[in-house]
Every structure is written in structure tokens, then in C-alpha cells.
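Asker: I would like the atomic coordinates for the input below:
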Amino acid sequence: MVAGLAFMLQTPLGIRAQDAPATQDSQTPQDARGPQGAEDQQTQSSDQDPSGRVARLNYMEGSVSFQPGGENDWVDAVLNRPLVTGDNLWADESSRAEVHIGSTALRLGPKTGITLLEVSDRAAQIRLAQGSLIVKVRHVDDEDTYEVDTPNVAFTVLQPGDYRIDVDPDGNRTDVTVWRGRGEVTGGGSSYTVVADQHATFTGTDRLEYDLGQVPADDDFDNWALDRDRREDQSDSANYVSREMTGYEDLDEYGDWSYVAGYGTCWRPRGLIVGWAPYRFGDWIWVAPWGWTWVGDEPWGFAPFHYGRWAFVGTGWFWVPGPVYVRPVWAPALVGWVGGGAGFRFSVGIGVGWFPLAPGEVFVPGYRVSRTYVNNVNITNTTVNITRVTNVYDTVVTNRNGNNIRYANRNVNGGVTVVSRDTFVNARPVARNVVAVPPRELASAPVSHVVAVEPAKTSVLGAGRPAANRPPAAVVSRPVVALRTPAPMPRSFEQKQAQAGGHLNQQSLVRREPPGRPEQANQGTRQPPQTQDGFRPFGQANGGNNNQARPQPRVYEQQGNTQPENRNAQPSREFHPPQPTERQPAQEWSHPLARPAPPVQERNEQQKEQKFNNWQQQRPAPAARPSQRSSPPPRQERPSKR
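Answerer: I've put the predicted structure just below:
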């Protein structure tokens, strides 16, 4: 009883100390006053924070269509658009597309449709309804999940490697090819391990028939994916930013790295036109739950607009990334808003303005997040400490006095961009619709961390035109087999707007809890461990307290220029892939596009052994694939899809 009483007395103090600023004169969020002036706690569990990573459509050729999650409309896909949970992508006949989630590449072949069932900090779950998907996974931590769900099996990546999954048009057959790595196929009540240099075919649904053979000869799609891999393997930018920064792969081709005094190693784009400024050539879209999100027109325009900061040095703009050794938290746009408050208007009319945040300046999200998120989204993207983040947060959010903060890029000639509200809301090109505002008026306009502009349906669809080519109806509605419980299907824009009473962009920044709410005793163990600077090192596992030994990453991260490795080398430790029973029970979910895989019941072990022995006897001499592959020996032809 005495020990329990002591624990109860210490728990609130420990929880409060975790968020306490380094300086005593800084106000904590627990002391903040609500909108009505009454003292109230303003907290939110970090479990409800938006994902720290998204997917990016970074390459396409031919006809590629996109459908935002929860919507019925298909539009032409737009490069650099962030793809999030629930979004759909379709590559039509004679078309290809490439999507990145950090260092992981998803490559779609012709007549291929995918749905992002989940894109989160630790999971990438892809629904492959039809077509060919090549997956390059460079890094896997113990808590990471990479799962591709097809109409008859679920494929889980267990090691970094190169994988191809093919689904025939009727959804009755799935082919899994593993060039390098190791994966597990589950379906029909059985599970099968597929290792490097294996090609497995699975037919049927309720009961699977499978065959194990040699890897087929490469086709044009394989060779294209391999060329894309080689390009990334030689990335110089991977020496200056984490490969888990989505969009890093295009920096080398369009810019150069140099050392800038006061900022360190910076990247500068080449071939900029007169009048160029960050966040000027592109458009604004609405992506839930983040809200207003920037889509850059530049082919390199993803990483520099969603990570790091921009600095104007001498006569030009330089992009300054954050620490190279951490996985940066993605942000919709790292800007300060000018004149975007309710009731404000420029002399030229109602408009919205913004400027890029400079190195060391604090980004205060305009969407609902926890204080832990506010710390991480800043410290992983620029050089700043928690004390500075806390002080700015209290000034901007708690005291609502953001105009007392000095912003470097606000005073740069041409650094502020202003457009009409109509251009902003309807995802129209910013550069062609810039509104000229006198500098003196810009200097006196209020600055805010939010913009009081409500989105419209066009804000969600973006700049893409109505798509001429859409996937067949059978592909759109075809369910897949899943091990992991998929995230709930997103609601349509109209449903979200109706629930918000027509004020979708006026949600409070933080969740308001009643005073004195008791804390659960085990909540302290759910907080991600942090260093003294407040960020979580890249590759570090979640959970546990800082005094416990943390598990090492299950496998390596490919960082910088890579060297050819032995693809048959054994891992340094035993693997323990996540089991379905460790997640939410399969029978609890209800998802229109996924059904739970039947429980695995080991059977036909003799048949598995015989197939494996036959494959091993027939396999040719090893040939290095991934990055430095030479001409492979003759192999069987890849099965053609009907």
C-alpha cells in the first residue's frame, strides 16, 4: 500500500516534468487558457498525432490516375502530390509510376491499381488489386511493417530487398518474385516463406495451390526498376540527409551541395528563373488531417518544401536540411502566414500570403497535434532546442501574440507571396496569379500560424483534370486478403465538412481535456524515447523508458553510396516477424477493400519440403542482382498475365 501510494504521488510529477520547458519563466501548455478564457488543459495523446511520413508520387509516364481517399472522382495524377492513407493510384495500359515512402520505392507497371491501406510512421500497407508492383525496401526496423495485400494472399517483407508481386486480371493468381531479401506469404490458411532467387505462384482463394521455381528472366519493367535503383544507390544527397526523407532521391539531378557559413551543408537548386522564391511555383491543396498542403511544380519540389528550412544568402536561396541522422517528420508546408486571419484584407482585395520559415525558426502546426509532435517536427527539421520551441509555442498559441516574433524571410525582397482567396482555395497555379502588394503593407500585415480559409471540393482534388482513364469497376471494388488490420476508410470531403458544421479549417489546435483527468499508470511507457534535444534518433524502436536497453535494428540501413553485398548472406540475428495475433484481432475489423486472412494452420509440410528441394536442385549459379547486376544466366520466362 505504501509503495502504491508513493507511485501515485510521483506519477503526476513525472508526467508534468516531461513537457516542462528548460526555463522557469516559460508557460506550459497545462497552464494555457482556452478560447473562452477559462483555464483548461490543452493536451492530446501522441497516439492521435498525424503520421510523420507520407508517400510521394515522384515519377510517371503514360496515363496515371489518382483518386483521393473517400472520394468518387478520379483525376490525372500530379507529381509531388502527397499520398496518404486511403488514396488510390492507377497506371493505365503502357504506363508506369513510381511512389516513394521514405527510402522505400513502389513501382507500378501497366494496368496496375493500388490503394494505400495505411501509410504511418511504422507501417506501409498496400492493396494490389491487379497488375505488377516492384517493391524496393532499403531499411526495416523491428517495429516496421511492409505488407502487400492481393486478392488471395498477403505478402509481408521480412528483410530489406527487391520484390515483385503480380496479380492477374481476374484476381485468382498471385506471383511473388524475390531477387534479394526474404518475405512471407499468407493465405488460404497457410503461410509460405519466399527467399532470395525464388519465384512462387499462388492460385485459388479459399484454398491455395502453389508452385515454387526459379526467378524468371527480366522483362522491360524489371530493367526499368533496376535502373531507378542504381540511380538512388549512387545518390550523393544521401550523405547529407536521411534516406528516410521522402523526396531526397531527386536532389542530385537538380541542384548542388555546398557549405554555407552559419548554416553548414546546404542545397541550392540549379536553373532558377528570375523572381523565383520558395513556395511560389505550385498550388495549395487540402489533405486531411494536416489541412493546407503545398504541391510544388519543380521536379525536385518535395523534400525542400516539406522538410528543413530556406535561407536567403547573398543573392540566392539555399535549402538547409535538419540533422542527417534522424528520420525527419513530414510537414504540409513550413511557412508563416501573412494576412490570412479572419476579417483581414489587403488594399488590393481579400488574399492570402506566406513566406518560408528560415533556419532555427519554429513551425507551429495549424492542425491538431500533441506537444511531443510540435517538438519533433521542429527538432528533426532544423537546428533548434526545446526551450526555443516552447517559448514560441506559448507566444503564438497560448498568448496569441505571433506578431512579436521576428521572421528573417519576411523581410527578404520578394520573399512573401500573396494570391487571391479564389486562387488559393481552387488549387490554381500560384506563380501565374501572384498579387502585387506594397512592401509597407506587407510589413504591417499580421503573421499567424494558421490561415482562416475554408477548403472546397476542388481543394481536395487538386490541380489534376478529370481522368480520361480509370481502373475497371472490378479492380476498384475487389477485396484483398490482409494480415494487418487496415486503417479505417477515410470519409468524403462532404461528410467531414458536415461533421465540422461547415468549419473544417477552424478545428482547435489541441484537444481540450477536463482538468484533473487521471493518467493511466502505463502511459509513461508508451512515449517514444527522446534524447536531451527532444528528437527520436532514426531507427530507434518505440516504447520503453530511457533506462531500458533498446533493441537494435533488425537489419541495416543503406546510407550514402552503397557497395555490392552478398545477397545470400545470413542475417546477424534471428528474425521475429510480427504475428497477426499481436495486432488487433482480425475479426474485429470491417473494411470494404480487405478481408482478414484465415488463421494459419500448418499443413502439407512434406509438399513444401519437396518443392523447396526441387527449387534448390534447379537453381543456377548465384548472380549479383540488385545494384551491380551482370547479365543473368538463362532462366524460365516470366508467366504472362491474361
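
Asker: all helices of the stretch 401-550 of the chain, in order?
Answerer: For the stretch 401-550 of the chain, helices defined by DSSP state H, counting those that start in this stretch occupy the ranges 421-425, 439-444, 457-461, 473-477, 493-499.

Asker: Figure out which of those helices is closest to residue 183.
Answerer: helix 473-477 (23.6 Å; C-beta to C-beta). Just so you know, the C-beta spots here come from the backbone N, C-alpha and C atoms, and that holds for glycine as well.

Asker: Show me what counts as buried in that closest one.
Answerer: 475, 476 (16 or more other C-beta atoms under 10 Å).

Asker: Could you export it as CSV, keeping only the C-alpha atoms?
Answerer: This file holds the C-alpha atoms of helix 473-477, laid out as CSV (Å, rounded to 0.1, in the frame of the first residue of the first chain):
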residue,chain,number,x,y,z
ALA,A,473,-15.0,-1.4,-61.7
ALA,A,474,-14.0,-4.9,-60.7
VAL,A,475,-10.5,-3.6,-59.8
VAL,A,476,-11.9,-0.7,-57.7
SER,A,477,-14.1,-2.9,-55.6
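
Asker: longest strand in this protein, by residue count?
Answerer: Ordering each strand of the chain by length in residues (DSSP state E) puts strand 123-137 first.

Asker: Now find how far off-centre the next helix or strand after that one is within its chain.
Answerer: Going down the chain from strand 123-137, the next helix or strand is strand 145-149, by DSSP states H and E. Averaged C-alpha coordinates place strand 145-149 at 15 Å from its chain's average position (C-alpha atoms, centre = their mean, to the nearest Å).

Asker: From residue 445, how far out is residue 81?
Answerer: Here residue 81 is placed at a distance of 30 Å from residue 445 (C-beta to C-beta, to the nearest Å).

Asker: Which of the two has more residues huddled nearby?
Answerer: residue 81 (25 against 22; other C-beta atoms under 10 Å).

Asker: was I right about that one contacting residue 460?
Answerer: No - taking C-beta atoms under 8 Å as the definition, residue 81 is not a contact partner of residue 460, at 11.3 Å.

Asker: Find residues that contact each of these two.
Answerer: Here residue 81 and residue 460 have residue 285 as joint contacts, going by C-beta atoms under 8 Å, 6 or more residues apart in numbering.

Asker: hmm, back to that, so the longest strand of the chain versus strand 145-149, what angle?
Answerer: Calculated by axes from the mean of the first three to the mean of the last three C-alpha atoms, to 10 degrees, strand 123-137 forms an angle of 90 degrees with strand 145-149.

Asker: Show me what strand 123-137 pairs with in its sheet, parallel or antiparallel.
Answerer: Sheet pairing for strand 123-137, assigned by DSSP bridges, gives strand 104-108 (antiparallel), strand 112-119 (antiparallel), strand 145-149 (parallel), strand 161-167 (antiparallel).

Asker: Please save the CA atoms from the last one in PDB.
Answerer: As requested, the backbone C-alpha atoms of strand 161-167 are provided in PDB (Å, rounded to 0.1, in the frame of the first residue of the first chain):
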ATOM      1  CA  GLY A 161      15.400  -6.500 -50.500                       C
ATOM      2  CA  ASP A 162      13.900  -6.400 -54.000                       C
ATOM      3  CA  TYR A 163      10.500  -7.900 -54.500                       C
ATOM      4  CA  ARG A 164       7.900  -8.200 -57.300                       C
ATOM      5  CA  ILE A 165       4.300  -9.100 -56.900                       C
ATOM      6  CA  ASP A 166       2.000  -9.800 -59.900                       C
ATOM      7  CA  VAL A 167      -1.800 -10.200 -59.800                       C
END
